[in-house]
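Student: the sequence and its predicted three-dimensional model are supplied below.
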Amino acid sequence: MLNKLLRRTPYTIPQDEDRLISILKEEVPGHIAIIMDGNGRWAKKRSLPRVAGHHEGMKTVRKITKLANHLGVDTLTLYAFSTENWKRPKMEVDFLMRLPEEFLSTFLPELVEENVRVEMMGYHHNLPAHTLTAIKRAKEATKNNTGLVLNFALNYGSRAEIVDAVKNIAAQIEAGTLDVSDISEEHISEGLMTSKLPEPDLLIRTSGEVRLSNFMLWQLAYTELWFTETLWPDFSEESLLEAIESYQKRNRRYGGLKGEEAN
Ligand code: FPP
């Protein structure tokens, strides 16, 4: 029964089978976005350098990607580096810029095997060449995969992308190809880096911080939010299942009414 419901099998998820079956019988969120926070605190608690927390966080990325893919999640967007993260010490920034390479050089064969497609959203212009090369290689190697889209938000900032979308609209008006009265929400959505992705159904933020930190501000308008005290390196398969179970209990109304209430 479980194997029939899982997108890819065989997979030994260290979880109670009945629990997984009941999750898979309900709607699994199509797009999950995660603000992976708390790596520094995880390291500090162990008297380790902050970068040790990021390194451990990378292992969590592997676990969660794998489970999300097997559960049939279509897109997993991970906030790996924001446009504001350049303010961190150079050594930490350099380490973070090396992580996609390390992650992909270790796990790319597994991602290919698992049918995962790697994508990236974010500004390319000030990313180091070695980071971009690693991402480009991974995108190329996985471009025909049809399973989960693993979308890294790298050098991503939501306000900046909204400004860019607005500039694009202004340019169309200036060129006479768009009328001010015709501007719609779609014009903004189409100008964002997520134009080809569905909006997130579920946003997870770890580490007890309860804010959006310039992440997908437009796209999250009707997303269900789930916050946990768990630090990202400690975030487990169990934590993801808990978040999905919470999502499945929500009543998404998009500003309207549903079921009984509508009568
Ligand atoms: C926030 O924690 C985390 C980041 C800025 C980086 C997130 C990156 C990873 C989890 C690794 C990504 C892996 C790949 C494959 C790209 P923080 O440093 O702000 O933690 P703190 O709030 O406890 O200090």
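Tutor: That came through, no problem. Quick caveat: nothing in here was measured; it's all calculated off a predicted structure.
Student: closest point of the protein to the ligand, which residue?
Tutor: Among all residues of the chain, G40 sits closest to the ligand, at 2.4 Å; criterion: Cβ to the nearest ligand atom. From N, CA and C alone the C-beta is placed, and that goes for glycine too.
Student: what's around that residue, how many residues?
Tutor: As a burial measure, the neighbour count of G40 was computed by other Cβ atoms under 10 Å and equals 21.
Student: around the ligand, which positions in the stretch 101-250 of the chain sit nearby?
Tutor: Taking Cβ under 6 Å from any ligand atom as the criterion, the stretch 101-250 of the chain approaches the ligand at residues F103, F152, S207, W232.
Student: mind redoing it with 8 Å?
Tutor: Neighbours of the ligand within the stretch 101-250 of the chain, by Cβ under 8 Å from any ligand atom: E102, F103, L104, F152, L154, S207, E209, L231, W232, P233.
Student: in these, which residue is surrounded by the most others?
Tutor: Most crowded among these, counting by other Cβ under 10 Å, is W232 at 29 neighbours.
Student: distance of that residue from G40?
Tutor: In this structure, W232 and G40 are 10 Å apart, going by Cβ to Cβ, to the nearest Å.
Student: so what sits against both of the two?
Tutor: Overlap of the contact sets of W232 and G40 (by Cβ atoms under 8 Å, 6 or more residues apart in numbering) consists of G53.
Student: give me the element the residue of the chain closest to the ligand is part of.
Tutor: Using DSSP states H and E, G40 falls within helix 39-45.
Student: could you name the helices and strands sitting against that helix?
Tutor: Under the contact criterion of 3 or more Cβ pairs under 8 Å, 6 or more residues apart in numbering; DSSP states H and E, the helices and strands touching helix 39-45 comprise helix 50-71.
Student: tell me the SS of the closest residue to L225 other than its chain neighbours?
Tutor: Nearest-residue entry for L225: L203, 5.1 Å, with adjacent residues in sequence omitted and distances by Cβ to Cβ, 6 or more residues apart in numbering. Assigned state for L203: strand (three-state reduction, DSSP: H, G, I helix; E, B strand; the rest coil).
Student: which residues does L203 bridge with?
Tutor: Going by DSSP bridges, L203 is paired in beta bridges with A33, L225.
Student: make 124 the starting number, not 1.
Tutor: With 124 as the first residue, the last one maps to L326.
Student: relative to S281, how far out is it?
Tutor: Distance of L326 to S281, computed by Cβ to Cβ: 12 Å.
Student: K266 and E242 touch, don't they?
Tutor: No. In this structure K266 lies outside contact range of E242 using Cβ atoms under 8 Å: 9.5 Å.
Student: who's more crowded, the two?
Tutor: Here K266 and E242 are set side by side on neighbour count (other Cβ under 10 Å), and the busier one is E242, at 21 against 10.
Student: return the backbone torsion pair for the more buried one.
Tutor: phi -140, psi 170 (degrees, to the nearest 10).
Student: next: T351.
Tutor: Per degrees, to the nearest 10, the backbone of T351 is at phi -140, psi 150.
Student: residues touching the nearest residue to it once chain neighbours are set aside, list them.
Tutor: Closest residue to T351 in three dimensions, ignoring its sequence neighbours and counting by Cβ to Cβ, 6+ apart: T329, at 5.6 Å. Contacts for T329 (Cβ under 8 Å, 6+ apart) come out as I157, I158, M159, D160, G161, T351, T353, L354, W355, F358, S362.
Student: what is the neighbour count of the second one?
Tutor: The number of residues packed near I158 is 23, by other Cβ under 10 Å.
Student: quick one, phi/psi of it?
Tutor: When quoted as degrees, to the nearest 10, the phi and psi of I158 stand at phi -90, psi 110.
Student: thought it was touching F204?
Tutor: No. The criterion here is Cβ under 8 Å, and I158 misses it with F204 at 11.8 Å.
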